[in-house]
Every structure is written in structure tokens, then in C-alpha cells.
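Novice: here is my input; please provide its structure:
(one chain, ligands or ions: 3)
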Amino acid sequence: MSTVIKGARILGDEVADILIEGGVITQIGTDLNGDETVDAEGLIALPGLVDLHTHLREPGREDAETVLTGTQAAARGGFTCVFAMANTEPVADTAGVVEQVWRLGREHGYADVQPIGAVTVGLAGEHLAELGAMADSAAQVRVFSDDGKCVSDAVLMRRALEYVKAFDGVIAQHAQEPRLTEGAQMNEGPLSGELGLTGWPAVAEEAIIARDVLLAEHVGSRLHVCHLSTRGSVEIVRWAKSRGIDVTAEVTPHHLLLDDELVRSYDPIYKVNPPLRSKDDVLAVREGLADGTIDIVATDHAPHPMEDKECEWQAAAFGMIGLETALSIVQQTMVDTGALTWARVAEVMSANPARIGRATTHGRPLAVGEPAHVVLYDPTAKRTIEPADTASLSRNTPYAGRELPGRVVATFLAGKPTVLEGKLQ
Ligand SMILES: NC(=O)N[C@@H](CC(=O)O)C(=O)O
Ligand SMILES: [Zn+2]
Ligand SMILES: [Zn+2]
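Specialist: Ligands and ions are numbered 1, 2, ... in the order given. This next block holds a predicted model:
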């Protein structure tokens, strides 16, 4: 069985046909033929997207999301590989749990699932988890994170950074100094005072990033900074890279687009960790992504059932879904503004996250001999976001009613269509 994708603009540039046989790209050229034909005229072909930061909620919170529904949402968003965060119930802190999540992803076949292992047992921040056992498991874990919580103990963080060097792992830090953010509800600034909500100062994020890049330098290890959100964080990462420190950083689509003025509505749909920041911070993270200080866009897709979001602000859960809107938000904030080309989008949403997470079969170029992980995207489409129109079990999108550019038309995972004509297969 062979499939030919006809007339796609490869990375938004030259028009060509892509022939897929046995899950691999076997030819790129003109006038190619296959058993099946997918018409891609006017569509952009990108390598399958890779999300380094997804919450799939299984095991334990299958009312919010499962590996099946989360990877279906991923496929609809153009992703062929997602890294599943460890803050499940039980926590993914053993070889057993990470293997279970990895296997579920393989069985369902909508996207490859690379489990992230917890850094500390039960995310409790007290004892290192069995990092080596998770690395050696069938899931071959390379990314470790206590995301949702910060590894705030400097000694534990140092030991984790040292430990993962043995298997080329990386510690992905949720940078939040806990004492500086006790009871915090939104970005600290004039608005938090006005609204009477406890503020979350930028320094709570920046202090941890500054400490961690110095620790990474000291032990010669690899650090990844999750969902960086402030101008100061961008500046610290820029400084660290200029010193040759092995640090990478991510920004979420929502921090590229939304700012803290939305909190005036007191609608908890905008409650997220780290909080939506100021307009100046939004500009700074866009600049950081454009100049390469920030390496990747990662969704931090954080599904929550409606009862945990439709309540008063203080009681609501932190988090928003994002897999199915990520590429559109990146188009709107970075491509349509001239800050990134589509080729650079392929780097920040596919090649770079795959490399950071050591997902060796993903993030590969669209080239002969490479696995056929491909997304076809229509940048001219417009859609108004309807929360019920999602494969996710949760509906907590902050974009309800917004018109966003672009639409994923098809996604191929190793040559197999997971989405065709915008519909799950
Ligand atoms: N981002 C969030 O607001 N929430 C995440 C946790 C996290 O990413 O820190 C969650 O698990 O719900
Ligand atoms: Zn986090
Ligand atoms: Zn997260």
C-alpha cells in the first residue's frame, strides 16, 4: 500500500508530491503516483508535531482525559508524538507506570506517547524517584519532571541533574518558588491588587530558573525550563545560553497570545500555572521564541472537568487544554506577524522538542528515507472555536468564540492517517 500526497507546499515553500510506502517517505518530486491519493493543493506540509508537555491524566483522572482521548486531540492538532507529564494518580515515578502509559499510546495508535518520569517519589519533593529504572524500561524515559510542582530543594535538583547524565536525560523544571507563591492566584502586578487576588510574582519563576541554570552549569548537565512566561525568564535563559550552559526552554501557545487583563472577567477558564502575564511579558516571550532563546512551543495541555473550572476563581483548578489550537495560535502570533517562517515553526514544534526529549524517530525532516510523520495544514482557513468540538474529554479551552486562523486537514503517523479531511480516522 502506498499513499501519495499531491501538491503540498513543503514547509510552506516549494510545491511537491510526497510518496509514502511502508510508513516511510520514499520519494519527493512531481507527478508521483500511489495506491491512494491525498489532494494537498494549497496546504502546507510540516513534519508531525511533537509536544514535549502534555497532561494525559491516565492513570487516575480518566474523567478529565485518557491516553486515547488525549492522543486523539493530539492527532487533530497535527501532533504525532506527545510527552506525557508524570502528575497522574498514581504518579509516573516507577518503571511500571511509565510502561503502562507508553503501551497504551502504542495500542491506540493516534500518536506515539513518550512518558515523562517524576523526579521525586510521588512528586513530594523529598526523595529521588527510580530515574534509572524508568530510563531502562521499555518506555526508555529521557525526560524527568515534577511538573505541577517545582523541584524546589536545591540539593535534590542538583542530584537529579547529576543522575540523568548517565543516560543522556534532561530535567524539565516547573519553575515556581513555593514560598513566594503561597496562595497565588494570578500574575502579581497592579491588576492583582485591583482585583484583590493574591499575586504570583515574576521573581518566583525567575529565581528558580537562575538557580537551575547555575546548577546545570556546575554539574555539566542538561536542563529544560517548562512554560517560561516572563521577560526576566527570557533574559536569564539568553544569558545562560551565551555562557554555553546546556539549557533549553519552552513557551506555551497561551502565553504567546493571552495576557492578565483577561482575569478581569474572573472567569477561571483563564486560570493557569504559570499565570497569564503582562502584555510586555507576552512581547518578550514572542521575541525570545523568534530569536531562538526559547527553543520550543509546548502546549501544557491541561484538561480539567467542568466542575473543577466552573466555580469561583480561588477554588478553580489551574490549566487549559491546547493540543487542537496550538498550531493556529502559533500561526496567529508568530507566522502572520512575520516573526517565524513555517520552516522555523517545524523547528520549534517538531525538530527541537523531539531532540530535547530524545524521541529519535520524530522531528525528522520531510525527506526520503525518513518516517512518514506528516501534517497537512490549511493556513487560509478560519474557524471559530467551539468548546464541544474537541476530541478531548475536557472542554476548558480559553479560546471559545474566538476566530483562529488555520486548520489541520490531515495527520499521518508513520504513513497511517490519524486525521483525514479534518476528521479522526
Ligand atoms: N499548567 C497548569 O495550570 N496545570 C497543570 C500543571 C502544570 O503544568 O504545572 C495541570 O496538571 O493541570
Ligand atoms: Zn507546570
Ligand atoms: Zn504542565
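Novice: pretty sure residue 73 sits against residue 323.
Specialist: Yes - between residue 73 and residue 323 there is a contact under Cβ atoms under 8 Å: 4.4 Å. Quick note: C-beta positions are derived from backbone N, CA and C, even for glycine.
Novice: distance from stretch 178-189 to the middle of the chain?
Specialist: 23 Å (Cα atoms, centre = their mean, to the nearest Å).
Novice: from the middle of its chain, how far away would stretch 99-114 be?
Specialist: 17 Å.
Novice: in it, what counts as buried?
Specialist: 99-102, 104-105, 108, 110-114 (16 or more other Cβ atoms under 10 Å).
Novice: which of those residues sits closest to residue 391?
Specialist: Nearest to residue 391 among these is residue 110, at 8.7 Å by Cβ to Cβ.
Novice: for the closest one, which non-adjacent residue is closest in space?
Specialist: Excluding its sequence neighbours, the residue lying closest to residue 110 (Cβ to Cβ, 6 or more residues apart in numbering) is residue 71, at 3.8 Å.
Novice: what's the pLDDT at the one you found?
Specialist: At residue 71, the model reports a pLDDT of 99.
Novice: now swap in residue 341 and tell me
Specialist: So, for residue 341, pLDDT stands at 98.
Novice: sorry, back to before: between the buried residues of stretch 99-114, which is nearest ligand 1?
Specialist: residue 101 (14.7 Å; Cβ to the nearest ligand atom).
Novice: at which residues are the strands of the stretch 251-400 of the chain located?
Specialist: Using DSSP state E, counting those that start in this stretch, the strands of the stretch 251-400 of the chain run over 296-297, 374-384.
Novice: return the nearest residue of the stretch 151-300 of the chain with respect to ligand 1.
Specialist: residue 273 (3.5 Å).
Novice: what does the stretch 101-250 of the chain give?
Specialist: residue 148 (3.9 Å).
Novice: apart from its neighbours in sequence, what residue is nearest that residue?
Specialist: Distance criterion Cβ to Cβ, 6+ apart; nearest residue to residue 148, sequence neighbours excluded, is residue 87 at 4.1 Å.
Novice: that neighbour against residue 55, yeah?
Specialist: Yes - using Cβ under 8 Å, residue 87 is in contact with residue 55, at 6.9 Å.
Novice: near ligand 3, which residues of this protein?
Specialist: Residues of the chain lying close to ligand 3 by Cβ under 5 Å from the ion are 147, 300.
Novice: centroid residue for the chain?
Specialist: residue 298 (2.4 Å; Cα atoms, centre = their mean).
Novice: if we can go back for a sec, now intersect the buried residues of stretch 99-114 with the strands, please.
Specialist: 112-114 (DSSP state E).
Novice: what's the closest of those to residue 291?
Specialist: residue 114 (27.8 Å).
Novice: could you find the closest non-adjacent residue to that closest one?
Specialist: In space, residue 114 is closest to residue 83, 4.8 Å off (Cβ to Cβ, 6+ apart).
Novice: pull the number of nearby residues for residue 369.
Specialist: As a burial measure, residue 369 scores 9 neighbours (other Cβ atoms under 10 Å).
Novice: that one and residue 419: what is the separation?
Specialist: 24 Å (Cβ to Cβ, to the nearest Å).
Novice: got it, and residue 143?
Specialist: Taking Cβ to Cβ, one finds residue 143 at 26 Å from residue 419.
Novice: in stretch 147-160, which residues are buried?
Specialist: Those would be 147-152, 156-160, for stretch 147-160 by 16+ other Cβ under 10 Å.
Novice: do the same with stretch 88-102
Specialist: 88, 91-95, 97-102.
Novice: residue of the chain with the smallest distance to ligand 2?
Specialist: Closest contact between the chain and ligand 2, by Cβ to the ion, is at residue 174 (3.7 Å).
Novice: residues in contact with that residue?
Specialist: With contacts defined as Cβ atoms under 8 Å, 6 or more residues apart in numbering, residue 174 is in contact with 145-151, 226-227, 273.
Novice: got CSV for the residues you listed, with distance to residue 190 too?
Specialist: Below are the contacts of residue 174 laid out as CSV (distance: Cβ to Cβ, whole Å):
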residue, distance to residue 190
145, 33
146, 32
147, 29
148, 28
149, 29
150, 26
151, 31
226, 27
227, 23
273, 21
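Novice: what residues does this protein have near ligand 1?
Specialist: Within the chain, the positions lying close to ligand 1 (Cβ under 6 Å from any ligand atom) are 55, 87, 147-148, 174, 272-273, 300, 302, 318-319.
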